[in-house]
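**Q** the following block contains a protein sequence and its predicted model.
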Amino acid sequence: MKAFVVDHYGEDGLEPADIPTPTPGRNDVLVDIRAAGINPLDKMVRNGEFKRLLKYETPFVLGHDLAGVVTAVGEDVHEFEVGDEIYARPRDLRIGAFAEAIAIDVADVARKPGSLSFEQGAAVPLVALAAWQALVETAALQPGQKVLVHAGAGGLGSTVIQVAKHLGAFVATTAHTKDLDKVRALGADEVIDYTTQDFTRELSGYDVVLDSLGVASLRKSLTVLARGGIAISVVGPPDPGFAKQIGQPLLAPVMYLMSRKIRAQAKKLGTRYAFFFMRADGNQLAHLAALYDQQILHPVLDRTFPFADTPEAMAYVEHGKANGKIVITH
């Protein structure tokens with residue numbers, strides 16, 4: 001089958017390849033991929049930013065979320081059958097959405113929301129799981145609390161706004177001038193135009209900040225939190241909790257040092273810091289599918305690319321051109 005593999009780590013590491021179609025294991029479903037989402041995480045993995053934590057052996061197929069049709073099931077799989085339309089974020093070390101087919105652990109799979117096309121379904125798994133896990137599990141968000149979401153027009157931010165509103169929060173977000181109406185339509189209660197406004201001058205007393213921009217933004221974000229609030233970053237630095245999450249407790253001291261400065265700043269302000277890295281979860285995807293079918297959540301797509309143009313689609317995301325999710329289609 002045709003695929004795009006990471007032949008070696010680096011910006012030029014993604015290559016087209018012909019590889020064997022995977023064989024599903026006892027607990028797997030084999031999926032004919034109809035569409036795959038592109039995420040900043042793909043760039044980070046391709047560039048080797050997680051190579052000490054996630055031990056991929058090159059060459060490996062890239063791609064973290066997808067929608068498609070089940071073509072075979074393992075002998076211990078009873079939840080799905082051939083012909084089912086599914087969506088999934090395969091677990092780490094078993095990714096591979098940039099291909100014609102993939103074998104996925106059944107625990108990572110859910111039926112695709114019936115109201116969504118394959119393209120829309122492929123745009124959802126990673127960002128929806130990230131939004132849900134960050135807000136519900138990491139932040140323990142309660143109705144009436146205040147959430148600041150950076151980059152609200154992006155693939156992750158646009159989903160976090162919607163999930164936070166569903167959970168009963170007051171939501172502020174930062175966005176470019178051209179996207180202000182868009183994020184308001186998604187449900188944002190207060191919108192900061194980052195081209196003309198400084199969010200630290202406009203906002204205060206927030207319970208949760210979700211940051212996807214980097215350390216500079218993260219440090220500023222700590223200052224708008226109420227005492228006891230939490231700043232969650234999806235771009236680092238990793239903290240000791242992440243070492244536990246990925247099953248490498250020996251790395252906890254290293255991550256303790258990496259996050260020492262930001263945790264110290266948070267503690268001084270009476271707040272908390274947490275690094276967030278989402279995990280695969282088919283049960284949560286099933287719950288989220290119902291929210292999409294009920295029109296509570298809506299996918300936000302920028303554009304699609306044909307499968308053959310996967311490298312161009314990656315470049316489009318890397319250059320910051322995406323205004324929503326980018327999806328490749330077969």
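**A** In hand now; what should we look at? This one's a predicted model, so the numbers in the text were calculated from it and none came from an experiment. Residues are numbered from 1 along each chain as shown.
**Q** the closest residue to residue 184 other than its chain neighbours - how many residues pack around it?
**A** Nearest non-adjacent residue to residue 184, counting by C-beta to C-beta, 6 or more residues apart in numbering: residue 191, 5.9 Å away. Yep, even glycine has a C-beta here, placed from its N, CA and C like the rest. For residue 191, the neighbour count with other C-beta atoms under 10 Å is 20.
**Q** and if you look at residue 234?
**A** Residue 234 - counted by other C-beta under 10 Å - has 19 other residues nearby.
**Q** one step back: buried residues of whichever strand or helix holds the residue nearest to residue 184, list them for me.
**A** If you go by DSSP states H and E, residue 191 is part of strand 190-193. By neighbour count with 16 or more other C-beta atoms under 10 Å, strand 190-193 contains the buried residues 191-192.
**Q** so which elements touch it?
**A** strand 170-175, helix 180-186, helix 199-202 (3 or more C-beta pairs under 8 Å, 6 or more residues apart in numbering; DSSP states H and E).
**Q** list the contacts for the residue nearest to residue 184?
**A** With contact taken as C-beta atoms under 8 Å, 6 or more residues apart in numbering, residue 191 is in contact with 152, 172-175, 180, 183-184.
**Q** what's the answer for residue 210, then?
**A** 134-135, 147-150, 157, 160, 232, 234.
**Q** try residue 122
**A** 34-37, 65-67, 87, 97, 327.
**Q** just the buried ones among these, please.
**A** 34-37, 65-67, 87, 97, 327.
**Q** can you list those residues in a markdown table and add pLDDT?
**A** Shown next, in a markdown table, are those (pLDDT from 0 to 100):
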| residue | pLDDT |
| --- | --- |
| 34 | 98 |
| 35 | 98 |
| 36 | 98 |
| 37 | 97 |
| 65 | 97 |
| 66 | 98 |
| 67 | 98 |
| 87 | 98 |
| 97 | 98 |
| 327 | 98 |
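**Q** in strands only, show me those residues.
**A** Among these, the members falling in strands (DSSP state E) are 34-37, 65-67, 87, 327.
**Q** columns distance to residue 43 on top of the residues you listed, output as CSV?
**A** CSV is the format used below for these (distance: C-beta to C-beta, whole Å):
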residue, distance to residue 43
34, 23
35, 19
36, 14
37, 13
65, 14
66, 17
67, 21
87, 22
327, 16
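**Q** could you find the closest non-adjacent residue to residue 126?
**A** residue 65 is the one closest to residue 126 (C-beta to C-beta, 6+ apart), at 4.4 Å.
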